[in-house]
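Could you work out the structure for the sequence below:
(one chain, ligands or ions: 2)
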Amino acid sequence: MPESNSPQKNGAKGAAHDVAVLGGGSFGTAMAKVLGENGHTVHFWMRDQKQAAEIEATGVNSRYMPGVELSGDIQPTTDMASAIANAEIVFVAIPSKAFRAVIRQHKSDFRDGQIVISLTKGIERDGFKLMSEILQEEIPRCRIGVLSGPNLAAEIAARDLTATVIAAKDPEVRRTVQDLLGCEYFRVYANVDVYGVELAGALKNIYAIVAGLAEALEMGENAQAMLITRGLAEMSRFAVSLGANPMTFMGLAGVGDLIVTCTSSKSRNFRVGHAVGKGKSLDEAVKELGQVAEGIYTLELVKEKAESVGIYMPLVRGLYEILYGSASIRAVINSLMMAVQNSDVEFILPRTISQ
Ligand SMILES: NC(=O)C1=CN([C@@H]2O[C@H](COP(=O)(O)OP(=O)(O)OC[C@H]3O[C@@H](n4cnc5c(N)ncnc54)[C@H](O)[C@@H]3O)[C@@H](O)[C@H]2O)C=CC1
Ligand SMILES: O=C(CO)COP(=O)(O)O
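Numbering: from 1, shown residues only. Ligands and ions are numbered 1, 2, ... in the order given. Purely as a prediction, here's the structure:
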């Protein structure tokens, strides 16, 4: 990368470190930018040689973040082994479908005790595994964490005020990530409920698709509030049944991320829902997007899991019927509205069973 302005410290407090960011998409680029501006040396791995050469020459990732200039010591590379070897801490922003394969291929490059943080908001099909579980299986010698929250990549890249959550059992991992990333526009809160934080990040993508559909159909703002809140009830019911802490859903990684993805046209999941609501097929909507919308895969997995463990998830079921079945949007809405009248907060008043 050409020598740009000397690294801005951004008000960041910690010492400078060597870090790696794996994945050259929108989120990898946004996080590399924060880390670079905070004064760290960023070994920025991507699979595409042309893209790495472009970032090296111009400081811009034009495919995923056009017009955004990366500054500081950001070193794009296609050599994963050297990126990992040179890093004290590794951040992984690879879509869930490719996550295990990429880590597995390079598992011997990771060091004992190295900190590895997943930035990915998805679920693996086989065994319903979250990314931290994949890391635990593939590189158990490493110290693992998850970063999740209301974090639209484009806004972080624009230095808009943003907060996120680092979830890890090890307090040193939490502190290290807070020190590395925290700065005048990026604030990092901590949680120990790794499973809840991670599951929340994956589940909210489903409700963002629902919200995009509702917006396309001009259902109104009462309807949006109903969908977001019932989405929160549904996702926390599901997550708690799998062992997450319900209180996590009151935080940034829960309701925070749900709000931003369900209300912003910058969300790719929201945009897919909106396009389908305007009459496009799912395939057309995905093709037009040209980026990852994890919620499409998560929807199928969560629908299967909810059925297998007996969790009532009417929004998941309704969206699945719209996207993958033959149900009309209107018929699904009607059946949701005409279901048995039920409890608002089921942790206070138990839900009437009506399946
Ligand atoms: N973009 C955003 O605002 C945010 C994204 N995330 C999460 O980050 C993860 C990554 O998403 P984005 O960067 O946004 O996606 P993106 O669609 O912008 O980019 C995907 C990147 O993954 C790379 N990739 C795909 N398959 C690969 C493989 N087999 N090997 C190596 N690289 C591969 C692509 O080349 C591309 O660089 C997702 O799970 C997403 O949910 C999390 C927070 C915010
Ligand atoms: O996770 C995100 C914001 O927190 C990004 O959402 P999308 O993947 O829908 O763009």
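
what ranges do the strands span in the stretch 101-250 of the chain?
Applying DSSP state E, counting those that start in this stretch to the stretch 101-250 of the chain gives strands spanning 115-118, 123-124, 129-130, 143-148, 162-167, 186-191.

Tabulate those strands (CSV), appending mean pLDDT and mean neighbour count.
In this view, the C-beta of every residue, glycine as well, is placed from N, C-alpha and C. CSV is the format used below for the strands of the stretch 101-250 of the chain (pLDDT from 0 to 100; neighbours: other C-beta atoms under 10 Å):
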stretch, mean pLDDT, mean neighbour count
strand 115-118, 98, 26
strand 123-124, 98, 20
strand 129-130, 98, 22
strand 143-148, 98, 25
strand 162-167, 98, 25
strand 186-191, 98, 19
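
Next, format these as JSON lines and append distance to ligand 1.
Formatted as JSON lines, the strands of the stretch 101-250 of the chain follow (distance: least, C-beta to the nearest ligand atom, whole Å):
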{"stretch": "strand 115-118", "distance to ligand 1": "9"}
{"stretch": "strand 123-124", "distance to ligand 1": "10"}
{"stretch": "strand 129-130", "distance to ligand 1": "11"}
{"stretch": "strand 143-148", "distance to ligand 1": "7"}
{"stretch": "strand 162-167", "distance to ligand 1": "9"}
{"stretch": "strand 186-191", "distance to ligand 1": "13"}
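
Figure out which of those is closest to Ala306.
Ala306 lies closest, by C-beta to C-beta, to one member of the strands of the stretch 101-250 of the chain: strand 123-124, at 12.4 Å.

Quick check: which ranges of the stretch 1-150 of the chain have low pLDDT?
For the stretch 1-150 of the chain, the stretches with pLDDT under 70 are 1-9.

Please report phi then psi for the residue of the chain found nearest ligand 1.
Nearest to ligand 1, among the residues of the chain, is Gly25, at 1.9 Å (C-beta to the nearest ligand atom). Main-chain torsions, Gly25, degrees, to the nearest 10: phi -90, psi -160.

Would you mind confirming that Gln75 is in contact with Met46?
No - counting by C-beta atoms under 8 Å, Gln75 stays clear of Met46, with 11.5 Å between them.

Same drill for the two, tell me which one is more crowded.
Met46 (26 against 20; other C-beta atoms under 10 Å).

Okay, that one and Ile329: tell me how far apart.
Met46 is 38 Å from Ile329, where distance means C-beta to C-beta, to the nearest Å.

just His40 next, same as before
For His40 relative to Ile329 (C-beta to C-beta), the value is 47 Å.
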